[in-house]
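# How does the following fold in three dimensions:
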Amino acid sequence: MVPYVERRYRWNEICEPSGNLSQRLSEALAEIPVHDAVKPVTANTDFEILQEDDVLQKLVERLDEIQLNFEAAPSKEFGPIFDNILTRMYQIEGRGGGGFITPRRIVQLAVQLTDNLAESTSVHDPTVGSGGFLVQAAEQLRYDTELHHLEKQVTGQDINPVVAGIARINLEMHGVDGDIAVGDSLSDPQFTTDSELERFDVVLSDFPISSDWKESELEDNPYDRFPDMELPRANRADYAFIFHALACLKNIQQDERGGEAALIVPEGIFFRQDEKRYRKHLVENDYIEQIVHLPEDLQQHHSLETAILKLNTDKPAEREGKVRFVDARGNAFYENKNDTTRLTLRGVKEAIAAANDWDSNSEIARTVPRDRIRATDFSLNLAEYLPASDDPARYRFIQRARSQSKEEGKRENIQAEDPSFAQRLSDLITASDNAVYVLGKYGGATEAELLDVRNELRDKGYEAFIDRDLEDFPTQDLSGSVTTTMRLAKFCVMVDREASGHLNEYQLAQLNRTVLARLTPEDGGSSRMIGTAEMIDVNYIEEFEFEIRPQERLSEAVDWAEEMVSKRRKNILRCTIGESVDHYNKALDNLSYPRPGDIIGRDCSLPF
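Coordinates of the predicted model:
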């Protein structure tokens, strides 16, 4: 039934030329009955920005010439139009924005990795964003089977009500009848039955990378998503989303059939030491079916390397006890166009072919038995199984350090069971001549800024890394890994925009006398939380204020850091083996460098 709309709010009245067009449109949207899921979108539409130069009036007049109804134009025509609008929104948002939209080719690749798109299929996306995965799943079903039953079994949830509204519109424009809910999928899942998570044939998700989550509120493990294991860290929700997706899949025990999940994940989940228990659980229970590694910089809102993690709760017999690794990061899989990296259609097809060809191994794909993964202590790092895929500029720094750790540990007879193992190993590691450790806050536009600084440092020829690029060190917690990496780096650069998150890093830098260049905005930075700059800005930590972007002062910061490192090394070289300890300590005093014993376990060694 068509709802009644007052005459003054009808389209033909709105189109009449007169003043206050933006106000009339806003009033009309507020009065016209719309679906609850769309209300946040209409309520937050700002027409004032289009008032200048009669842009809004011209837009209304142009729309008035178009027949905007499904009788004049079916969903197969409306859908591509809306896809184009979303693509333009994605491009306009730029770096740091567009996080609710997953590039179409990534969506196609993930959907085509699933095998359960059949007539009885149900599909769920717990971080639905613009709804691209659900639309692609429906389109794939139509293409493969010419069936439309999936339309009534499509569900999604998003924490942002405006984004959920966009997803609802997207489904409507493509003729997909789905159910989109609002809420946090981890702490408040909306699709439940009798206090249990609903289970689906297929789960698709591009969840926010390493985001915060309400871990402290979920310690009682509701919905039994983390069987007999510690919950993931509160500031790194990657495995929380992965195990939530797993719990949302159908399984043989309860449903007499299994389910599949295709998830866009950060590369770090495959090798971070403190997350080994989650990898072990997935491998030992044979849930992982395929891992397809993607090129970096495919997403608008971050430039991290990602992969598609394919889970299956009922793997075919011929795939049991095995994992298929695919390296789709090569030039043959993507193209650079208009300063944007994207997968090509041919690249998607080749990645799918490599992922499904389990009987052949090559430089880009390999089938790995579970025993081989056990032998690597449950590392899923691509370089462990496809050595040719190891990018020297990407892994050289940390792998060299880990290798040196093992060699020095053997030479000094340090046992892994020793409680001081991690500390004593880090004392023996010497710094890289070209590595720069980039520190800062993760999440949203701030993280994008951090990645831009890292990439510009790489353009300058440095081996620049953020914490997520690197493996954790054995037996060390986060602070220990950060401390060791500081000692390994030639110097550190911190993007210090927001007044939170960096105090511990400052303390570690001070303790280790790390050469640290701080890039801070003129009116911000976490040093304001400490009180006085004198507490931090000694001769080995320097502040560089920027107006808009950290890169404004990056070159100066790098020059200062290089000069500082050079001065230190020249002075330290003056201390020969035959010089007295007093002379040695005096030289260190002049440098504000730590004396022997300032750092527990240092044993007079230097981090250079």
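# Now for T192, how many residues are close by?
12 (other C-beta atoms under 10 Å). C-beta here means a position set from N, CA and C on the backbone, and glycine is covered the same way.
# er, R257 I mean
Based on other C-beta under 10 Å, the number of other residues close to R257 is 13.
# contacting residues for the residue lying closest to it once chain neighbours are set aside?
Nearest non-adjacent residue to R257, counting by C-beta to C-beta, 6 or more residues apart in numbering: K250, 5.7 Å away. K250 is in contact with R199, F200, D201, R257, G258, G259, T313, counting by C-beta atoms under 8 Å, 6 or more residues apart in numbering.
# buried sites along stretch 239-256?
Neighbour counts using 16 or more other C-beta atoms under 10 Å place 239-251 of stretch 239-256 among the buried residues.
# Which one of the residues you listed is nearest to P17?
F241 (50.4 Å; C-beta to C-beta).
# In which helix or strand does that closest one reside?
helix 238-247 (DSSP states H and E).
# what does whatever helix or strand comes next after that helix rub up against?
The C-terminal neighbour of helix 238-247 among helices and strands, as given by DSSP H and E, is helix 252-255. Helix 252-255 is contacted from outside by R199, G258, T313, D314, using C-beta under 8 Å, 6+ apart.
# The last one: what's its closest spatial neighbour, skipping adjacent residues?
The shortest distance from D314 to any residue that is not its chain neighbour, by C-beta to C-beta, 6+ apart, is 2.3 Å, and that residue is G258.
# How about N116?
Closest residue in space to N116, ignoring its immediate chain neighbours: D201 at 4.6 Å, by C-beta to C-beta, 6+ apart.
# picking that back up, of the contacts of K250, buried ones?
R199, F200, D201, G258, G259, T313.
# of the residues you listed, closest to D64?
Nearest to D64 among the buried ones among the contacts of K250, with distances taken as C-beta to C-beta, is F200, at 42.3 Å.
# And the residue nearest to L294 when sequence neighbours are not counted, what's its pLDDT?
Counting by C-beta to C-beta, 6+ apart, L294 lies nearest to T306, which is 5.2 Å off, once chain neighbours are set aside. T306 carries a pLDDT value of 90.
# hang on, isn't E447 packed against V453?
No - taking contacts as C-beta atoms under 8 Å, E447 lies outside contact range of V453: 10.8 Å.
# Mutual contacts of these two, please.
G440.
# Report the residue spans of the stretch 251-400 of the chain with pLDDT below the cut-off.
Low-confidence segments of the stretch 251-400 of the chain (pLDDT under 70): 300-303, 387-400.
# Recalculate using a threshold of 80.
Along the stretch 251-400 of the chain, the model assigns pLDDT under 80 to residues 273, 299-304, 337-340, 387-400.
# cool, the stretch 51-200 of the chain as well?
51-100, 116-121, 141-152.
# returning to that earlier point: hey, C-alpha coordinates of the helix holding F241 in PDB?
Provided in PDB are the C-alpha atoms of helix 238-247 (Å, rounded to 0.1, in the frame of the first residue of the first chain):
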ATOM      1  CA  ASP A 238      40.400  -9.400  14.600                       C
ATOM      2  CA  TYR A 239      40.000 -12.900  16.100                       C
ATOM      3  CA  ALA A 240      36.900 -11.800  18.000                       C
ATOM      4  CA  PHE A 241      35.300 -11.200  14.600                       C
ATOM      5  CA  ILE A 242      36.700 -14.400  13.100                       C
ATOM      6  CA  PHE A 243      35.400 -16.600  15.900                       C
ATOM      7  CA  HIS A 244      32.100 -14.800  15.800                       C
ATOM      8  CA  ALA A 245      31.800 -15.600  12.100                       C
ATOM      9  CA  LEU A 246      32.800 -19.200  12.900                       C
ATOM     10  CA  ALA A 247      30.000 -19.500  15.600                       C
END
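# shift numbering so it begins at 780
Shifting the count to begin at 780 puts that one at helix 1017-1026.
# So what touches it?
With C-beta under 8 Å, 6+ apart, helix 1017-1026 has contacts from 905-906, 964-965, 968, 976, 982, 984, 986, 988-989, 992, 994, 1002-1005, 1010-1011, 1040, 1042, 1044-1045, 1047-1048, 1054, 1057, 1061, 1066, 1088, 1090, 1092.
# how is this protein carved up into domains?
As assigned by automatic domain parsing, the chain contains the domains 786-845, 855-1167, 1172-1370.
# Name the stretch among these that sits most buried.
Among those, ranked by average contacts under mean count of other C-beta atoms under 10 Å, first place goes to domain 855-1167 (a mean of 19).
# quick one, phi/psi of the closest residue to N1213 other than its chain neighbours?
In this structure, N1213 finds its nearest non-sequential neighbour in E1242, 5.1 Å apart by C-beta to C-beta, 6+ apart. With angles defined as degrees, to the nearest 10, E1242 sits at phi -90, psi 90.
# Check whether E1242 really touches Y1216, as I assumed.
No - using C-beta under 8 Å, E1242 makes no contact with Y1216, being 9.7 Å away.
# before we move on, back to that, can you tell me which of the buried residues of stretch 1018-1035 lies closest to L800?
Nearest member of the buried residues of stretch 1018-1035 to L800, counting by C-beta to C-beta, is F1020, at 43.2 Å.
# Output the contacting helices and strands for the helix or strand where N1234 lies.
Using DSSP H and E, N1234 sits in helix 1223-1238. Helix 1223-1238 sits against strand 1214-1219, strand 1242-1244, strand 1270-1274, helix 1333-1352, with contacts defined as 3 or more C-beta pairs under 8 Å, 6 or more residues apart in numbering; DSSP states H and E.
# run the last query once more with 6 Å
strand 1214-1219, strand 1242-1244, strand 1270-1274 (3 or more C-beta pairs under 6 Å, 6 or more residues apart in numbering; DSSP states H and E).
# Mind checking the pLDDT average for that helix?
80.
# Name the SS class of V982, please.
strand (DSSP: H, G, I helix; E, B strand; the rest coil).
# How about it: what's its closest non-neighbour residue?
Per C-beta to C-beta, 6+ apart, closest to V982 is A1040, 4.1 Å.
# show me the contacts for that neighbour.
V982, A1024, L1028, L1090 (C-beta atoms under 6 Å, 6 or more residues apart in numbering).
# Pipe the residues you listed into TSV and attach distance to I864 per row.
Output for the contacts of A1040, formatted as TSV (distance: C-beta to C-beta, whole Å):
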residue	distance to I864
V982	27
A1024	29
L1028	33
L1090	32
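# quick revisit: and the residue nearest to V982, bridged to which residues?
A1040 forms beta bridges with V982, L1090, as assigned by DSSP bridges.
# Please report how far it lies from Y1066.
Look at A1040 and Y1066: by C-beta to C-beta, to the nearest Å, they are 9 Å apart.
# how about the nearest residue to K1089, chain neighbours excluded?
Take K1089 and drop its neighbours on the chain: the residue closest to it by C-beta to C-beta, 6+ apart is Q1069, 4.0 Å away.
# what helix or strand is that neighbour on?
strand 1067-1072.
# what's the answer for A807, then?
Counting by DSSP H and E, the secondary-structure element that holds A807 is helix 800-810.
# re earlier: which member of the buried residues of stretch 1018-1035 is positioned nearest S1260?
The closest of these to S1260 turns out to be Y1018 (C-beta to C-beta; 17.3 Å).
# State the pLDDT value of the closest residue to Y788 other than its chain neighbours.
Among residues not flanking Y788 along the chain, A807 sits closest, at 4.1 Å (C-beta to C-beta, 6+ apart). For A807, the model assigns a pLDDT of 79.
# What of F1323?
The per-residue pLDDT of F1323 was computed as 91.
# Could you report the distance from the nearest residue to it once chain neighbours are set aside to L1229?
Once flanking residues are discounted, F1323 sits nearest to R1332: 3.9 Å by C-beta to C-beta, 6+ apart. Between R1332 and L1229 the computed distance is 15 Å (C-beta to C-beta).
# And for L838?
Here L838 is placed at a distance of 37 Å from L1229 (C-beta to C-beta).
# returning to that earlier point: now secondary structure and distance to F1104 too, for the contacts of K1029, in CSV please.
Below are the contacts of K1029 laid out as CSV (DSSP: H, G, I helix; E, B strand; the rest coil; distance: C-beta to C-beta, whole Å):
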residue, secondary structure, distance to F1104
R978, coil, 28
F979, strand, 26
D980, coil, 25
R1036, coil, 26
G1037, coil, 21
G1038, coil, 22
T1092, coil, 20
